[in-house]
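*Asks:* This is the structure alone, sequence omitted:
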Ligand SMILES: Cc1ncc(COP(=O)(O)O)c(C=O)c1O
């Protein structure tokens, strides 16, 4: 402390000098005498007060300068107009309509959306047709939809907690049942802690900006889902893309990033690998052990979206970490959905205590949104209990997946990019040219540009989105006519970073028996053959 | 001061301790109230300790005490293992007379039979909306506030400086380690670590049970200055003036809950999937139609989360080449959505119509930056009722401006839907304007309806576009049946259900807005008890809320506090300024004989100096509950030196306020 004050000596001298200059100038101002007298007398009474007032003045000036809403009239692009000209410009301006009405195709698309009458389940009734059909479209992987025990627990919870929590978690919205579910998930997965979000979709797009800031580096798979894209977009981090599910490409990109950093001699920033367990886009599965190895080698943190693998793979549905026997702690941020995996609602992010605590203050959709209704939280907890105690749920699901693949893999008018164990099965129309469909099967050309999410071979994609969508919709309708609900994977054309190839997406469920599954899949198969062979 | 709450952690006293000790001499005069506050607190905790030592464990509650409520309330009371009415929360102040029948549980929804305590929430036509004035406190308050922050910041930095050198193990997560950059830099987390942690006792309080008129707190203590919180296992019932339960529909009993139970039995808890790929249910269709009817728009779309309704549908409305004009105090979800949309964003001063008009003139005449091309579209996004200020949007003026400047208008009615207007239909209803003069109405069900999720309403073409072009349709889980049913039931009971006239059953579509719901708008299995379906109770809830809001607002003002916002607003912010007072206020309200829980908010949710308490009034509160809050504020306000709104001679004494509640509320 003492040495600091001696160091500051010249500074004080300088200050004193400038102060006297200022004082001289000040004395020349009219009215200065009054102020001077005030300051003097107040200083005499209470020397500290001068300091306080000085601080106040500084703060006042700062506040004035900080006015957030001041119009930017100083830019060199600003054109000065007279009031009259402005009025004219205002009169002239005609905005575009807020939303364009739907085209005929879009209208048909909306009209064809399946609407379930009454409870959803393996064989629900459809509003569209008024008939019961086998459901291979809805996410009921674990078959927990309509489970009587869960319903009973939900009713009990309702009678104790009411429905809504009426507040964000920070302000009396944290219920004991939320704490319980967070602990249940953490125990189930084997992580230190978990944080609950009230919607699965908003989880990852809130987790990413909570950690990834401007200047941080994200290396992401080209095939990640829409929510991840949005999270990356809002984070404003530097993004590099690697080829879809290609860990060799990941390593190349990581090395490229490191090279770049060394060249620029940039500081050490946070670095993340973002990918999915089972990809929503095509059902491919990441090689987790290899991925973990890479992330340790390059000192990256891993954000893994397990929305479609939590509750669907592994012996008891713990997801990829169970399937590959990797401790979940090795995944820095493990994001999952209790809505898809457990037929309840909401999403979660599991990780270390630090990771979770950080989100409690910085996760936008955690902080600024009401917490999940108590009964959904309890339903999810019950779902976990059931997965733990009934391994047959997952074995039935996997058996159904295998049964379905056994049939579909032999249909030659389609190709299936999904992993054999994936409970979501995507089907593309096989291209007549039989050219490359997977980036992996393509002849190794030059690597794609890591700064763009669009892969290099996008130029060679020879499918016509519109035609394929139409054909697939015919398949969907044909299957429905035969009593099986399936759906195209719905996309936001024009808003996706990379236009995904049109596909039909089946969602398998353990609620159907193997026989029923095979029957339904055979219906799908004949619909595919019927519609697609006509085309040739 | 007997007290039923558990042992208070020593935090509150420690928190303010550094401030006076540093500036001992200087602040002796301005901190005088604080000193007495500290002594007040220690006296409190002593009394508390005494009370706890002497209090015998209470036995099973006397069930007969559960008063006139429906027999179903027994459960709720039974769950409350330490039922006693020493806090005055479990039983109504006045026992009901034999002809009064209350269908609600008093702890969830207070019994209030006095028809005097009712008001209609309505704007007087033609009257200008009072501008948002931010009343300034005396200088010494401002000054001490700045100094408090200064001290906190300085001490924080000193602690960091020394801490990093002497106990580096506490900083390992903040510094680069093994080639990993810290997840959170010490600079970014400074505010959280050094300022917020001191007040953590005010935040994230775990609770259990219904977030109704009262709420059960899970008591907790912190043995290590708020680094960890430990639940003690005891519970305290507190008066809840913090939840967004404006119309009191957070209930575990009653017609709505019965309907929800029925829906769980019929539909289960989930519709399994997203709206476009197999997660849509007939309940969604029914609910969307009712919501559209309720808000007076052609069509509506619902989503499973209010935040996502903004963050995912705004990008579907505007994009590159468009401009979003946003009130500076708009909610985080709106900012999130506009940032994702890629549109340009300009902000105007909160609720300042002049600033808005100037901005409009500027942006339209200048066009897009650099190119000066005209904007494709301009979307003005405002909130109906601002959740931190309690201010109402100046809708009449905005609609005037809209005619001239041709922008599109998006109103986020998260807090105003249900809570404002003679029919509870939000700001448009409050100001008596046609909702269809607004392009998009958005709102959430988490507040007035006691449910979850949100809606967005507009003309049919637009909403259909959002259905297939919005982010949520193909990618987000659909709203679940119990939530849908809560929305249906609560909304129908606010509207009332029209009795079908046998003469012409075809004329079911009500011609005018706002009208009761048509009987066909609910699924056939959903029947509401007569009190709800007739709309009697809904009306009474709306009017109780309007009375309580105005009463609390004017009551606090007459006590001498500085409050913000419109008197009709159920959100009543009371200004505290000094950060040290936040903990104290929270604490002193919670440690009263009738514990009251409050929400305190500070920077960064508010500007640096204007830390505040935010009360959220509910229709579930009785007049006595508001009295109770006013009395508590009166006492605490004296101790903490908070009354800077009006000069002493103009203030009213608490007894006068309590006895002239009706006069005050209607003033
Ligand atoms: C203005 C506004 N919009 C949106 C939301 C988000 O709503 P929800 O809590 O339902 O996600 C809130 C909630 O606080 C809000 O205040």
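*Replies:* In hand now; what should we look at? Owing to the predicted nature of the structure, the values given are computational and were not obtained by experimental measurement. Numbers count the residues shown, from 1 in each chain, chains lettered A, B, ... in the order given.

*Asks:* neighbours around residue A:264, how many?
*Replies:* 8 (other C-beta atoms under 10 Å in any protein chain shown). Every C-beta, even on glycine, is put in place using the N, C-alpha and C of the backbone.

*Asks:* Any chance of the backbone angles for it?
*Replies:* The phi/psi pair for residue A:264 (degrees, to the nearest 10) reads phi -80, psi -10.

*Asks:* Name the residues of the longest helix along chain A that come out as buried.
*Replies:* In chain A, with assignment by DSSP state H, the single longest helix is helix A:514-535. By 16 or more other C-beta atoms under 10 Å in any protein chain shown, the buried positions in helix A:514-535 come out as A:516-518, A:520-521, A:523-525, A:527-529, A:531-532.

*Asks:* can you list those in CSV and add distance to the ligand?
*Replies:* Compiled in CSV, the buried residues of helix A:514-535 are given as follows (distance: C-beta to the nearest ligand atom, whole Å):
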residue, distance to the ligand
A:516, 39
A:517, 38
A:518, 43
A:520, 37
A:521, 39
A:523, 40
A:524, 38
A:525, 43
A:527, 40
A:528, 41
A:529, 46
A:531, 42
A:532, 43
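
*Asks:* mean confidence for the helix or strand encompassing residue A:57?
*Replies:* Using DSSP states H and E, residue A:57 falls within helix A:47-65. In this model, helix A:47-65 has an average pLDDT of 70.

*Asks:* Run through the neighbouring helices and strands of the helix or strand that it is followed by.
*Replies:* Counting by DSSP H and E, the next helix or strand C-terminal to helix A:47-65 is helix A:83-92. Using 3 or more C-beta pairs under 8 Å, 6 or more residues apart in numbering or on different chains; DSSP states H and E, the elements in contact with helix A:83-92 are helix B:353-366.

*Asks:* starting at the chain centroid, how far to the helix or strand following the helix it packs on?
*Replies:* Per DSSP H and E, the first helix or strand lying C-terminal to helix B:353-366 is strand B:378-383. Here strand B:378-383 is found 21 Å from its chain centre; the criterion is C-alpha atoms, centre = their mean, to the nearest Å.

*Asks:* Strand partners (parallel or antiparallel) of strand B:378-383?
*Replies:* Strand pairing for strand B:378-383, determined by DSSP bridges: strand B:323-327 (parallel), strand B:408-412 (parallel).

*Asks:* Averaged pLDDT, the host helix or strand of residue A:302. What do you get?
*Replies:* Assigned by DSSP H and E, residue A:302 belongs to strand A:301-305. Taken as a whole, strand A:301-305 carries a mean pLDDT of 93.

*Asks:* That strand near chain B anywhere?
*Replies:* Yes. Strand A:301-305 comes into contact with chain B (C-beta under 8 Å from any C-beta of the partner chain), by way of residue A:301.

*Asks:* which residues sit against that strand?
*Replies:* A:204, A:207-208, A:211, A:224-225, A:227-228, A:270-277, A:286, A:288, A:291-292, A:295, A:320, A:330-336, B:180, B:183 (C-beta atoms under 8 Å, 6 or more residues apart in numbering or on different chains).

*Asks:* Turn the strands paired with strand B:378-383 into TSV, including distance to residue B:188.
*Replies:* Output for the strands paired with strand B:378-383, formatted as TSV (distance: least, C-beta to C-beta, whole Å):
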stretch	distance to residue B:188
strand B:323-327	25
strand B:408-412	29
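
*Asks:* Pick the most deeply packed of these.
*Replies:* strand B:408-412 (a mean of 26; mean count of other C-beta atoms under 10 Å in any protein chain shown).

*Asks:* Tell me the gap between the next helix or strand after it and the middle of its chain.
*Replies:* Next helix or strand after strand B:408-412 toward the C-terminus (DSSP H and E): helix B:427-431. Chain-centre distance of helix B:427-431: 19 Å, with C-alpha atoms, centre = their mean.

*Asks:* How about stretch A:216-224?
*Replies:* 12 Å.

*Asks:* Stretch A:370-389 too?
*Replies:* Remark: stretch A:370-389 is offset 21 Å from the chain centroid, using C-alpha atoms, centre = their mean.

*Asks:* any bit of it sitting next to chain B?
*Replies:* Yes. Stretch A:370-389 is in contact with chain B by C-beta under 8 Å from any C-beta, via A:370, A:372, A:373, A:375, A:376, A:379.

*Asks:* list the contacts for the third one?
*Replies:* Shown here is residue A:373, whose contacts under the criterion C-beta under 8 Å, 6+ apart are A:161, A:163, A:164, A:165, A:345, B:451, B:452, B:480, B:482, B:483.

*Asks:* Could you count how many residues lie near the residue nearest to residue A:483 when sequence neighbours are not counted?
*Replies:* Nearest residue to residue A:483 in three dimensions, chain neighbours excluded: residue A:133, at 4.8 Å (C-beta to C-beta, 6 or more residues apart in numbering or on different chains). Residue A:133 has 24 neighbours, counted by other C-beta under 10 Å.

*Asks:* Kindly provide the distance from residue A:133 to chain B.
*Replies:* In this view, residue A:133 and chain B are 11 Å apart by C-beta to the nearest C-beta, to the nearest Å.

*Asks:* thinking that residue is in contact with residue A:121, fair?
*Replies:* No. At 11.2 Å, residue A:133 does not count as touching residue A:121 under the criterion of C-beta atoms under 8 Å.

*Asks:* Between the residues of stretch A:370-389 next to chain B, which sits nearest the ligand?
*Replies:* residue A:370 (3.5 Å; C-beta to the nearest ligand atom).

*Asks:* So what does the nearest residue to residue B:603 once chain neighbours are set aside have for phi and psi?
*Replies:* In space, and not counting its chain neighbours, residue B:603 is closest to residue B:611: 7.1 Å by C-beta to C-beta, 6+ apart. When quoted as degrees, to the nearest 10, the phi and psi of residue B:611 stand at phi -60, psi 150.

*Asks:* Next: residue B:598.
*Replies:* phi -130, psi 160.

*Asks:* Pull the contacting residues for it.
*Replies:* Going by C-beta under 8 Å, 6+ apart, residue B:598 touches B:241, B:242, B:585, B:586, B:589, B:590, B:613, B:614, B:615.

*Asks:* so what pLDDT did the first one get?
*Replies:* Meaning residue B:241. 93.

*Asks:* isn't it right next to residue B:632, touching?
*Replies:* No. Applying C-beta under 8 Å as the test, residue B:241 and residue B:632 come out as separate, 9.8 Å apart.

*Asks:* shared neighbours of these two, which are they?
*Replies:* Common contact partners of residue B:241 and residue B:632 (C-beta under 8 Å, 6+ apart): residue B:596.

*Asks:* ok, the residue in the stretch 1-150 of chain B that the ligand sits nearest to - contacts?
*Replies:* Relative to the ligand, the nearest point of the stretch 1-150 of chain B is residue B:132 (16.4 Å; C-beta to the nearest ligand atom). Neighbour list for residue B:132: B:350, B:351, B:352, B:389, B:391, B:564, B:565 [criterion: C-beta under 8 Å, 6+ apart].

*Asks:* swap in residue A:176?
*Replies:* Applying C-beta under 8 Å, 6+ apart, the residues contacting residue A:176 are B:206, B:207, B:208, B:218.

*Asks:* Top of the residues you listed by number of neighbours, please.
*Replies:* residue B:207 (26 neighbours).

*Asks:* For it, list each beta-bridge partner.
*Replies:* Residues in beta-bridge contact with residue B:207 (DSSP bridges): residue A:175, residue B:217.
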